[in-house]
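[1] model the following, please.
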Amino acid sequence: MAPFDTPGESVTVRAPAGTITGLRTGSVRRFLGIPYAEAPTGARRFAAPARRGRFTEPFDASRHGATAQQVPLFATTTVPEPSVPGDDVLNLGIVAPDADDDRGPCPVLVWIHGGAFLAGSPASPWYDGRAFARDGVVCVTVGYRLGVDGFAVLDDVPANLGLRDLLLALDWVQDNISAFGGDPDRVTVAGQSAGGAAVLALLSSPAGSGRFHRAVSLSGGTFTADGDAARDFLGRLGRRLGVPATRAGFAGRAVEHIQRCVIDLRDEQGEDLPALGLFVGDDILPVPVVDGLTLHGRAVPLLLGATGDEFDGDATTRTAGTRRAGTRTAGTRVTDTLFRAACPRVAASRRDAAAGTWLYSFEWPSPVLGGATHCIDIPFFFDVLDAPGVAEELGPNPPGELATATHGDLAAFVRGEEPAWARATGTHGDTAREYGRPGAPLAADTTGVFDPVVPAGSGAAEEC
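    As a prediction, this is how the structure comes out:
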């Protein structure tokens, strides 16, 4: 199958949003950079997103649209994250099977990229949905506001603007996806890292009701921002920019300028990441995510999990595997406290929900990165091991059979199939599907894989 950037022939659809022209390559159609909201500039900057008007002329969807990331947060990242200049950052891309009257409406996967709510790009080749299209799934990748413009905690700015963007994008999908062969009644929202955290937030939000029907969180966690820490950071950022930490102050500086200053503050003050992200206490997230999951989204099946090592890989020593085993048992790694511990906690919050919760753990260790580290599962779940950047992070021969297994399970879930392994309840001995653990089958159903971060006998699992 040809990569996403291979030239193709023109293909046009007529949707409620207007006439949209993309490209067909083989049996895959791509419609990229479609604005779902008005550009967040001028008076619309730091405001709730406004629905895009109908296109009066055919829209050229042959290339990726502008990205909210104008300046990469890090010089190098595991996931290739291209920045595309422009103001129309609230756009989405669609990769769909070629039109087939016999197929019928296809299930839809809406993908939310990661990047700590500060960076990331929906234009990454690791998010190309060609394998999903091959398997009868329409794949939608969504751009949303990031950093200060998307998650500033300011008195005169609506909170969680990035989440509001995603909600409007889901509305656009409901209204328009039928024109691309998708079924608006079978929409799965999925994401990784910050994108996975956004999925859990949308699932826990009263505003998410009815906008999607299944949910997938890869390495998501239940991260939320501390309001005082966020305001402190914004105050320091404003002083560096020479403006008050208000809507008017930040609106007077270009997005690119603000993003560069964020990076400078991080580097100068030794902060891992600024304190921006999901904010609890507004109409979108009135209560913490885990509390919200006990109230909302209980009819939505959920698949969630983490990689075995997330941010605790070690490619420098032959004893890395032994060290990982010991620290994992202790449950003291960043991986355990930030990512893996969230999995049984979320499952416990949904224990009595009508819809099921299923856990997975991605365990294949990259020979380059020294573990099953953050983000390396994405090319397997998308089945794009030939994408740019994969060999550099996973080595020259990542196992294609593992991609077949992980992608196959995800595609089946999006199609509405119930996973073959037991549902999770957040208690000791829960079943999870392990992918790629050395010495084990490529996909093995294992009990207790998340127990080390919720030790047996502590009562922690039952109290989550």
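[2] pLDDT weak spots in the stretch 151-300 of the chain?
    Flagging of the stretch 151-300 of the chain using pLDDT under 70 yields the residue ranges 269-274.
[3] per-residue pLDDT of Thr335, please?
    According to the prediction, Thr335 has pLDDT 71.
[4] wait, Glu463
    Glu463 carries a pLDDT value of 29.
[5] now the strands: where do they sit in this structure?
    Assigned strands in the chain, in chain order: 9-15, 18-25, 28-35, 59-60, 91-97, 106-112, 138-142, 182-192, 214-218, 302-307, 357-362, 431-435, 443-447 (criterion: DSSP state E).
[6] just the C-alpha atoms of the longest one, please, in PDB.
    So the one you mean is strand 182-192. What follows is strand 182-192, C-alpha atoms only, in PDB (Å, rounded to 0.1, in the frame of the first residue of the first chain):
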ATOM      1  CA  GLY A 182     -18.500   6.600   7.500                       C
ATOM      2  CA  ASP A 183     -21.200   5.600  10.000                       C
ATOM      3  CA  PRO A 184     -22.000   8.500  12.400                       C
ATOM      4  CA  ASP A 185     -23.600   5.900  14.700                       C
ATOM      5  CA  ARG A 186     -20.300   4.000  15.100                       C
ATOM      6  CA  VAL A 187     -17.700   6.500  16.100                       C
ATOM      7  CA  THR A 188     -14.700   5.600  18.300                       C
ATOM      8  CA  VAL A 189     -12.700   8.400  19.800                       C
ATOM      9  CA  ALA A 190      -9.100   7.400  20.500                       C
ATOM     10  CA  GLY A 191      -5.800   8.900  21.300                       C
ATOM     11  CA  GLN A 192      -2.300   8.400  22.800                       C
END
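[7] give the other helices and strands that that strand contacts.
    strand 106-112, helix 161-176, helix 194-204, strand 214-218, helix 400-414 (3 or more CB pairs under 8 Å, 6 or more residues apart in numbering; DSSP states H and E). Where C-beta positions appear, they are placed from N, C-alpha and C, glycine not excepted.
[8] quick one: closest of these to Arg231.
    Minimum separation from Arg231 across the helices and strands packed on strand 182-192 (CB to CB) falls at helix 161-176, 16.0 Å.
[9] how far off centre is that closest one?
    Averaged C-alpha coordinates place helix 161-176 at 14 Å from its chain's average position (CA atoms, centre = their mean, to the nearest Å).
[10] so which elements touch that helix?
    Using 3+ CB pairs under 8 Å, 6+ apart, helix 161-176 sits against strand 91-97, strand 106-112, strand 138-142, helix 147-151, strand 182-192, helix 194-204.
[11] same thing but at 7 Å, please
    Helix 161-176 is packed against strand 106-112, strand 138-142, helix 147-151, strand 182-192, helix 194-204, with contacts defined by 3 or more CB pairs under 7 Å, 6 or more residues apart in numbering; DSSP states H and E.
[12] could you save these as CSV and add columns showing distance to Val216?
    Listed next are the helices and strands packed on helix 161-176 as CSV, based on distance: least, CB to CB, whole Å:
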stretch, distance to Val216
strand 106-112, 8
strand 138-142, 12
helix 147-151, 22
strand 182-192, 4
helix 194-204, 7
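[13] among those, which is nearest Gly33?
    Nearest of these (CB to CB): strand 138-142, 10.3 Å.
[14] still on that earlier bit, which stretch among the helices and strands packed on helix 161-176 comes nearest Gly436?
    Nearest of the helices and strands packed on helix 161-176 (CB to CB): strand 182-192, 16.5 Å.
[15] can you list the strands that the closest one pairs with?
    Within its sheet, strand 182-192 is paired with strand 106-112 (parallel), strand 214-218 (parallel), according to DSSP bridges.
[16] got JSON lines for the helices and strands packed on helix 161-176, with mean neighbour count and distance to Ala230 too?
    As requested, the helices and strands packed on helix 161-176 are exported to JSON lines (neighbours: other CB atoms under 10 Å; distance: least, CB to CB, whole Å):
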{"stretch": "strand 106-112", "mean neighbour count": "27", "distance to Ala230": "21"}
{"stretch": "strand 138-142", "mean neighbour count": "27", "distance to Ala230": "23"}
{"stretch": "helix 147-151", "mean neighbour count": "25", "distance to Ala230": "8"}
{"stretch": "strand 182-192", "mean neighbour count": "22", "distance to Ala230": "21"}
{"stretch": "helix 194-204", "mean neighbour count": "28", "distance to Ala230": "15"}
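[17] nearest to Asp267, of these?
    helix 147-151 (15.3 Å).
[18] same for the closest one, what does it pack against?
    Using 3+ CB pairs under 7 Å, 6+ apart: helix 147-151 touches helix 161-176, helix 255-269.
[19] list the buried residues for the last one?
    Judged by neighbour count using 16 or more other CB atoms under 10 Å, the buried positions of helix 255-269 are Val255, Ile258, Gln259, Cys261, Val262, Ile263, Leu265, Arg266.
[20] picking up where we left off before, got the helices and strands packed on strand 182-192 as TSV, with distance to Ala422 columns?
    Listed next are the helices and strands packed on strand 182-192 as TSV, based on distance: least, CB to CB, whole Å:
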stretch	distance to Ala422
strand 106-112	23
helix 161-176	30
helix 194-204	21
strand 214-218	18
helix 400-414	14
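[21] which of these sits closest to Pro441?
    Using CB to CB, the helices and strands packed on strand 182-192 put helix 400-414 closest to Pro441, at 9.0 Å.
[22] how about the contacts made by Val414?
    Contact analysis of Val414 by CB atoms under 7 Å, 6 or more residues apart in numbering lists Pro107, Leu109, Val137, Thr188, Arg214.
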